[in-house]
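> What follows is a predicted structure for the sequence shown.
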Amino acid sequence: MTGQGRILVIDTATTRAVIALGEADGTLVDQRGWVAGYRHGEELLARIEGLLAELGQAPAGLGGVVVGTGPGAFTGLRVGIATAKGLAHALGLQIAGVPTGAALLAAAAAASGTPAARGAFVLLQPAGMSDRVLSRRGVAPVILPGGTDPELRSGERLVAVDLDGRSPVEATALGSAAHDGLAAALLAAGAARFAAGDPDDLAELVPEYVTLPRGVHAALPDSAVDVTGGGSRP
């Protein structure tokens, strides 16, 4: 089913999972968030079922699924995207993958009261125990090795997510505000894609990993993983 049905939003790119339901025009109906850590798979589907039941939304009546594609850690992204793909396939829904980083930057700009200035914000997220990943609007994310501080351009503001104690307090506070607006930002971007007739192909939708489980690098050829956050390739 495509078109006018409500849109389900899923994001598991950070330690705080987000699900939401919105109208086809991008209006947010309701959202849920919880600290999943790195155990997204234990609760995600049950939480989605609970949200839909509470709002009286039959899964078969949905019009599409929007899923955050990262950057993020392997386990969370794998669970979120696999769940979104499974629902889209089973229910015959269109699907749109939206970069979580871009959505967080848009949400940070909106939270600051300057939504048109999203290019002035820079996102910082963890990439393993000591590295971090830096995202700018319209630029591929890059990994900052441990001990390397981000070099901000004139007028840029830092948005830090999942980096409590590892980033300035102001950046962490802005990251929290951005995460509060993540569902709305993902929904707006996904709804616009659907309205434009530009959904993703299920087989081609891939995540942007920044960390992988131990042993995965050794098991995969170099061409299979982009450690700069550009996504894995089949």
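Yep, that arrived.
> Distance check, Val122 against Leu8.
For Val122, the distance to Leu8 (Cβ to Cβ, to the nearest Å) stands at 30 Å. Every C-beta, even on glycine, is put in place using the N, C-alpha and C of the backbone.
> Sorry, wrong one. I was asking about Gly101.
Distance of Gly101 to Leu8, computed by Cβ to Cβ: 21 Å.
> And Val122 and Leu8? Which one has more around it.
A direct count of neighbours by other Cβ atoms under 10 Å for Val122 and Leu8 places Leu8 higher, at 28 against 22.
> can you pull up the bridge partners for the nearest residue to that one once chain neighbours are set aside?
Using Cβ to Cβ, 6 or more residues apart in numbering and skipping the chain neighbours, the partner closest in space to Leu8 is Val65 (5.0 Å). Listed by DSSP bridges, the beta-bridge partners for Val65 are Leu8, Ile95.
> What count of nearby residues applies to Val65?
Quick note: Val65 (other Cβ under 10 Å) scores 26 neighbours.
> Contact partners for it?
7-10, 84, 87-88, 93-96 (Cβ atoms under 8 Å, 6 or more residues apart in numbering).
> domains of this structure?
7-100+180-224, 113-179 (automatic domain parsing).
> Would you mind saying which of those domains lies nearest Ala107?
domain 7-100+180-224 (3.3 Å; Cβ to Cβ).
> average pLDDT for that closest one?
The average pLDDT for domain 7-100+180-224 rounds to 89.
> so Ala111 touches Ala177, yeah?
Yes. With contact defined as Cβ atoms under 8 Å, Ala111 reaches Ala177; the gap is 3.9 Å.
> Neighbour count: those two, which is higher?
The residue with more neighbours, out of Ala111 and Ala177, is Ala111; 21 against 15, by other Cβ under 10 Å.
> pLDDT score assigned to the more buried one?
Reading off the model, Ala111 has pLDDT 92.
> Let me see the contact set for it.
174, 177-178, 180-181.
> So which of the domains of the chain is the most surrounded?
Mean neighbour count (mean count of other Cβ atoms under 10 Å) peaks for domain 7-100+180-224 among those, with a mean of 19.
> picking up where we left off before, I'd like the distance between the residue nearest to Leu8 and Val133.
25 Å.
> for Val9, same thing?
Separation of Val9 from Val133 (Cβ to Cβ) stands at 22 Å.
> now do Gly97
Here the distance between Gly97 and Val133 works out to 18 Å (Cβ to Cβ).
> again, but for Ala127
4 Å.
> list residues touching both of those two?
Common neighbours of Ala127 and Val133 (criterion: Cβ under 8 Å, 6+ apart): 71, 143-144, 210, 229.
> Run through the residues that contact Leu45.
Taking Cβ under 8 Å, 6+ apart, we find Leu45 in contact with Thr83.
> helices or strands up against the host helix or strand of Ala90?
Using DSSP states H and E, Ala90 falls within helix 74-91. Packed against helix 74-91, as judged by 3 or more Cβ pairs under 8 Å, 6 or more residues apart in numbering; DSSP states H and E, are the following elements: strand 7-11, helix 44-54, strand 64-68, strand 94-98, strand 209-211.
> Nearest to Asp198 among these would be which one?
Among these, strand 94-98 comes nearest to Asp198, with 7.7 Å by Cβ to Cβ.
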